[in-house]
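>>> fold the following and give me the result.
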Amino acid sequence: MPFVSRTSTESVKVPFKLFNLEFSLLRNFLDIMPSADLYILRKHDATIDKMSCFRGEIVTNLYVISDTVQPWNRLYESYSKVMSRPVNLTPFDMLEVCMGPDICPEALLSKMNEKTYRCLQICGQYHWKQVITFLHTGINDRVCLYDTLDLPEEDMEDFFKTLYNFKINKFYFCNKNCTETWLDAAYKTWSSLIGTALKSVEVTFDIFFTITAVANNDTLTTLSMKFSDWEDKKKFVHKKNMLLKDYAKRKL
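Modelled structure (predicted):
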């Protein structure tokens with residue numbers, strides 16, 4: 001079974017008596033109720049739990065792993081098991097996917113009622129277009145990418161522009177193959193939006209190199225990267241200082 005956090009135990013307040021509704025209205029109400037609210041309501045009322053069974057199973061977090069990888073954590077459920085479930089399985093807080101050649105993002109998402117997760121984490125080997133498939137505008141926490149992301153140089157502009165269009169607060173690139181080329185491409189792409197969608201774009205460093213984009217309505221989007229090829233400390237410090245000076249000059 002997938003891991004279910006039990007930290008969300010507060011009551012859901014409904015401004016009217018549910019069971020006074022006609023059956024059709026009650027079903028419609030349960031059909032459109034946000035997954036997080038329905039999850040909590042089910043915990044407090046067995047009747048609601050039974051009547052909303054058509055929504056499938058709702059969990060806090062869902063961890064899916066490719067069948068080509070041996071799970072290292074009991075929280076993971078194999079892709080084949082998720083796909084063979086008789087009912088949908090919808091996470092409302094976090095979705096983590098350990099990708100492999102067998103995982104089809106569209107098929108996995110079809111086993112969920114909707115994209116409601118606030119946080120997305122992807123590891124394994126995957127293509128940038130697969131990342132885009134998992135994104136949605138309701139992610140208001142973060143997107144974290146690990147291991148190997150297939151991101152050809154000729155696709156970088158499309159990728160980083162698409163990322164910004166989702167208006168997600170924070171992106172973290174912790175990929176093994178992440179290099180300063182990615183940072184440069186992201187900076188150039190987001191800088192090209194200044195004067196239309198953005199007011200400003202700047203690069204800073206604190207553990208990660210971080211690009212901060214300020215939109216016309218003053219909302220912030222940050223993209224943080226950690227380079228895998230900067231293991232030598234002296235080399236790292238030198239290149240870091242050089243990069244920051246370069247981006248400061250471009251801002252002027």
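>>> tally of neighbours for Asn175?
Asn175 sits with 22 neighbouring residues when counted by other Cβ atoms under 10 Å. C-beta: built from backbone N, CA, C; applies to glycine.
>>> for it, which non-adjacent residue is closest in space?
Residue nearest to Asn175 in three dimensions, not counting chain neighbours: Leu149, with 4.7 Å by Cβ to Cβ, 6 or more residues apart in numbering.
>>> tell me the SS of the one you found?
Three-state call for Leu149 (DSSP: H, G, I helix; E, B strand; the rest coil): strand.
>>> check the protein and tell me which residue is nearest its centre.
By Cα atoms, centre = their mean, the chain has its centre lying nearest to Leu120, at 2.4 Å.
>>> surely Gln70 is in a strand?
No - residue state for Gln70 (three-state DSSP) corresponds to coil; a strand is not indicated.
>>> can you map out the strands along the stretch 151-252 of the chain?
170-175, 198-206, 208-215, 220-225 (DSSP state E, counting those that start in this stretch).
>>> can I get those strands in TSV including distance to Phe134 and mean pLDDT?
Putting those into TSV (distance: least, Cβ to Cβ, whole Å; pLDDT from 0 to 100) gives the following:
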stretch	distance to Phe134	mean pLDDT
strand 170-175	13	96
strand 198-206	24	91
strand 208-215	21	94
strand 220-225	17	96
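>>> for burial, what's the neighbour tally of Thr137?
The number of residues near Thr137, taken as other Cβ under 10 Å, comes to 10.
>>> which non-adjacent residue is nearest it?
Closest to Thr137 by Cβ to Cβ, 6+ apart is Phe166, at 5.7 Å.
>>> can you give me the pLDDT of the one you found?
Predicted confidence (pLDDT) at Phe166: the value is 95.
>>> count of neighbours near it?
Per other Cβ under 10 Å, the neighbour tally for Phe166 reads 15.
>>> separation between it and Gly138?
Using Cβ to Cβ, to the nearest Å, Phe166 is found at 10 Å from Gly138.
>>> which ones are touching the residue nearest to Thr137?
Phe166 is in contact with 135-137, 139, counting by Cβ atoms under 8 Å, 6 or more residues apart in numbering.
>>> possible to save the residues you listed as TSV with pLDDT?
Listed next are these as TSV, based on pLDDT from 0 to 100:
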residue	pLDDT
Leu135	98
His136	97
Thr137	94
Ile139	96
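>>> who wins for most neighbours among these?
Greatest neighbour count in those, by other Cβ under 10 Å, goes to Ile139: 23 neighbours.
>>> did I read that right, Ile58 in a strand?
Yes - according to three-state DSSP, Ile58 belongs to a strand.
>>> was I right about it contacting Pro34?
No - using Cβ atoms under 8 Å, Ile58 makes no contact with Pro34, being 10.0 Å away.
>>> those two - which one has more neighbours?
Ile58 (24 against 14).
>>> what are the bridge partners for that one, then?
Beta-bridge partners for Ile58, by DSSP bridges, are Thr90.
>>> that one: what's it in contact with?
Applying Cβ under 8 Å, 6+ apart, the residues near Ile58 are 35, 38-39, 42, 90-92.
>>> okay, now the domains of the chain?
Per the TED database, the structural domains of the chain span 18-70, 105-199, 207-250.
>>> would you turn the ones you listed into JSON lines with distance to Glu77?
Shown next, in JSON lines, are those (distance: least, Cβ to Cβ, whole Å):
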{"stretch": "domain 18-70", "distance to Glu77": "6"}
{"stretch": "domain 105-199", "distance to Glu77": "11"}
{"stretch": "domain 207-250", "distance to Glu77": "28"}
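>>> and for Ala213, the neighbour number?
22.
>>> any idea how far Leu151 is from the nearest residue to Asp150 once chain neighbours are set aside?
Nearest residue to Asp150, sequence neighbours excluded (Cβ to Cβ, 6+ apart): His127, at 4.5 Å. As judged by Cβ to Cβ, His127 and Leu151 stand 8 Å apart.
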